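Chemist: Sequence isn't available, so here's the structure alone:
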């Protein structure tokens, strides 16, 4: 498969563990955030989003937490599975602009 | 329904040449955005089109251009290719202009400039 990043931070977990992937953003004017998952050879896939008027949002096995005070975003994956192995990107949108700014990504490796 | 389709999947060009990449969005989606992905810079926004109009452009030189057709299909063109243009070029489509809406990405076109 294609490599999407050669020097990404890597999180290695065991199957069944909970995973937490972190992201720091820089612009306090950012008002919308998205987490994407990118598997080797594929384009990014939407996981979950959150607006700045929320602190937490839950999906299926995933939870996103937003701490605006320290400009920090996290993605929690419950009961991590080998199929969750991928690169995870956070993306932010600045209010009034139509584009997304992506983070560098974190590689999640899940061992059976 | 069919996803976002990008063609070609792989491309090898030499320096100085030009290249045209194509993106067919999901049926009914009118917004198309292009991104460049490299190991060093990550995902960087190139441009966004909605209803044949460019809504926004990223910080790339004028060698990078794009357009959108009436059927929402989009093309991007890179002229006078440089080695540093080697990257995965991703297209994303959405119902409405980004962001505030879920964007669906294609598999990308892997461009190698030699």
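Modeler: That came through, no problem. Computed from a predicted structure; not experimentally measured. Numbering: from 1, shown residues only, chains lettered A, B, ... in the order given.

Chemist: centroid residue for chain B?
Modeler: residue B:34 (3.2 Å; C-alpha atoms, centre = their mean).

Chemist: Check for me that it belongs to a strand.
Modeler: Yes. According to DSSP: H, G, I helix; E, B strand; the rest coil, residue B:34 belongs to a strand.

Chemist: give the contact list for it.
Modeler: B:23, B:45-48, B:66, B:74, B:76, B:89-92 (C-beta atoms under 8 Å, 6 or more residues apart in numbering or on different chains). Quick note: C-beta positions are derived from backbone N, CA and C, even for glycine.

Chemist: Where neighbours are concerned, which of those residues has the most?
Modeler: When neighbours are taken as other C-beta atoms under 10 Å in any protein chain shown, the top entry among the contacts of residue B:34 is residue B:91 (30 neighbours).

Chemist: picking up where we left off before, out of the contacts of residue B:34, who's near chain A?
Modeler: B:45, B:48, B:90, B:92 (C-beta under 8 Å from any C-beta of the partner chain).

Chemist: what's the most distant pair in these?
Modeler: B:48 and B:90 (12.7 Å; C-beta to C-beta).

Chemist: so how many other residues sit close to the residue of chain A found nearest chain B?
Modeler: Closest approach between chain A and chain B, counting by C-beta to the nearest C-beta: residue A:43, at 3.2 Å. A count of nearby residues for residue A:43, using other C-beta under 10 Å, gives 23.

Chemist: that older thread, nearest residue to the residue nearest to the centre of chain B in space, ignoring adjacent ones along the chain?
Modeler: residue B:46 (4.0 Å; C-beta to C-beta, 6 or more residues apart in numbering or on different chains).

Chemist: quick one, what contacts the one you found?
Modeler: B:33-36, B:57-58, B:60, B:64, B:66, B:76, B:89.

Chemist: excluding its backbone neighbours, what's nearest the closest residue to chain A within chain B?
Modeler: Residue of chain B nearest chain A, by C-beta to the nearest C-beta: residue B:105 (3.2 Å). Spatial nearest neighbour of residue B:105, excluding adjacent residues (C-beta to C-beta, 6+ apart): residue A:43 at 3.2 Å.
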